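Asks: for reference, the sequence and a predicted model appear below.
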Amino acid sequence: MPIERRLLGRTGMNVSVVGFGGSETGYGGTAPKVLATILGQAMDNGLNMIDTAACYGDGEAQLGRALAGRRKDVYLMTKCGHATGFLGRDWDPKTIARSIDRSLKLLRTDYVDLMQLHSCDAATLRDDRVLGVLIKARDAGKVRYIGYSGDSDDAQCAVESGVFDTLQISVSIADQEAIERILPEAAKRQIGVIAKRPLANAAWRADSSDGYSAPYRERLKKLNYEFLSTPDAAAIALRFTLSVPGVATAIVGTTKPGRWEQNAAAAAAGALSAAEYDSIRARWRSVADASWVGER
């Protein structure tokens, strides 16, 4: 099953349009054999981009074990800034430096292809000491490129700073603020765009009841897209995100073997037609209010 690849901005990394996000497996305590199977099958079918974070439970250690012997087959990306958990605010420069070294140790690698500041605010982005840690790590060969992961005002600040090679940001049928506000400027600056939460956490499903998905559930009730009642809902949602101008790749997490391949097959169908894409955008414009900003 061939899978399309796109250049991630100016990094030169030619990444699979469907990447693997490590939050579900990291937080969920996925068994090592299961994760090895998920990744092994996916990599054999074209996956070459894996994303995780210091705060994703045991995620970095899990990936370090699962990628033993195949590290060079993928672009490996992680995030720093929440070493004590996602609700922690670990922006002290010394803490970030230790977090980077810890990530390398857990991932069992000498370097990561991308190190991202994880959802820090604009004030932190303007702190030269924080950015200096990432730049120093890049100069030392510990990271190849540096990026920012976040949304809304903070993402706009990151893009305008001129510092970052990539931007990881929420883009989905339920999260479209970035499409007009952030992505055009990112494109002008040749910043590679990674779409997070591209399936809107599948919040339209009856079994989607976690608090993390609640904002999207409420939005989707109001958006009431007709296709959400069809078997193709997930495929259409993913293809919408990948149809957004400037998006290079969409990271999708899973704890089930074979699911990545299903998503890749959906992506292989290509962009939505102009009519399908415009219909989703028009519905968003007619329903979304000012509070529907990018979700972290």
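Replies: Yep, that arrived. Numbers count the residues shown, from 1 in each chain.
Asks: three-state assignment of Ala53?
Replies: Here Ala53 is recorded as coil under DSSP: H, G, I helix; E, B strand; the rest coil.
Asks: number of residues surrounding it?
Replies: 25 (other CB atoms under 10 Å). For glycine as for every other residue, the C-beta is placed from the backbone atoms N, C-alpha and C.
Asks: quick check: Leu114 is in a strand.
Replies: Yes. Leu114: assigned to a strand according to three-state DSSP.
Asks: surely it touches Val74?
Replies: No. Using CB atoms under 8 Å, Leu114 makes no contact with Val74, being 11.5 Å away.
Asks: what lies in contact with the worst-scoring helix or strand of the chain on mean pLDDT?
Replies: Lowest mean confidence among the helices and strands of the chain (mean pLDDT, DSSP states H and E): helix 23-28, at a mean of 84. Surrounding helix 23-28, the residues in contact under the criterion CB atoms under 8 Å, 6 or more residues apart in numbering are 30, 35, 38, 52-53, 56-60, 62, 253-255.
Asks: can you list the weak-confidence ranges in the stretch 151-296 of the chain?
Replies: 206-210 (pLDDT under 70).
Asks: one more time with 90, if that's ok
Replies: Residue ranges of the stretch 151-296 of the chain with pLDDT under 90: 206-213, 295-296.
Asks: residue ranges of the strands in it, please?
Replies: Using DSSP state E, counting those that start in this stretch, the strands of the stretch 151-296 of the chain run over 166-170, 192-196, 247-252.
Asks: which ones are touching Leu199?
Replies: Applying CB under 8 Å, 6+ apart, the residues near Leu199 are 172, 234, 237-238, 241, 252.
Asks: need the strands of the stretch 151-296 of the chain in JSON lines (columns: mean neighbour count and distance to His82).
Replies: Output for these, formatted as JSON lines (neighbours: other CB atoms under 10 Å; distance: least, CB to CB, whole Å):
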{"stretch": "strand 166-170", "mean neighbour count": "28", "distance to His82": "14"}
{"stretch": "strand 192-196", "mean neighbour count": "27", "distance to His82": "15"}
{"stretch": "strand 247-252", "mean neighbour count": "25", "distance to His82": "17"}
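Asks: and these: which comes nearest Glu185?
Replies: Glu185 lies closest to strand 166-170 among the strands of the stretch 151-296 of the chain, at 9.8 Å (CB to CB).
Asks: circling back: most neighbours out of the contacts of helix 23-28, which is it?
Replies: Thr52 (29 neighbours).
Asks: so that one versus Ser243, what's the distance?
Replies: 26 Å (CB to CB, to the nearest Å).
Asks: heading C-terminal from the helix or strand hosting Leu76, find the next helix or strand.
Replies: Secondary structure from DSSP states H and E places Leu76 in strand 75-80. Downstream of strand 75-80, the first helix or strand assigned by DSSP H and E is helix 93-107.
Asks: show residues contacting that next one.
Replies: 52, 54, 60-61, 63-64, 67, 76, 78, 80-81, 83, 90, 110-112, 115, 129-130, 132-134, 136-137, 142-143.
Asks: what's the answer for stretch 133-150, then?
Replies: Against stretch 133-150 from outside (CB under 8 Å, 6+ apart): 11, 13, 53, 77, 79-80, 93, 96-97, 100-101, 104, 110-120, 125, 154-155, 158, 163-169, 192, 194, 196, 294, 296.
Asks: so how do I select the buried members of these in PyMOL?
Replies: To isolate the buried members of the contacts of stretch 133-150 in PyMOL, using 16 or more other CB atoms under 10 Å:
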select buried, resi 11+13+53+77+79+80+93+96+97+100+104+111+112+113+114+115+116+117+118+119+120+125+154+155+158+163+164+165+166+167+168+169+192+194+196+294+296
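Asks: please identify the helix or strand for Phe20.
Replies: strand 18-21.
Asks: describe which strands that strand pairs with in its sheet and in which direction.
Replies: strand 49-51 (parallel), strand 247-252 (parallel) (DSSP bridges).
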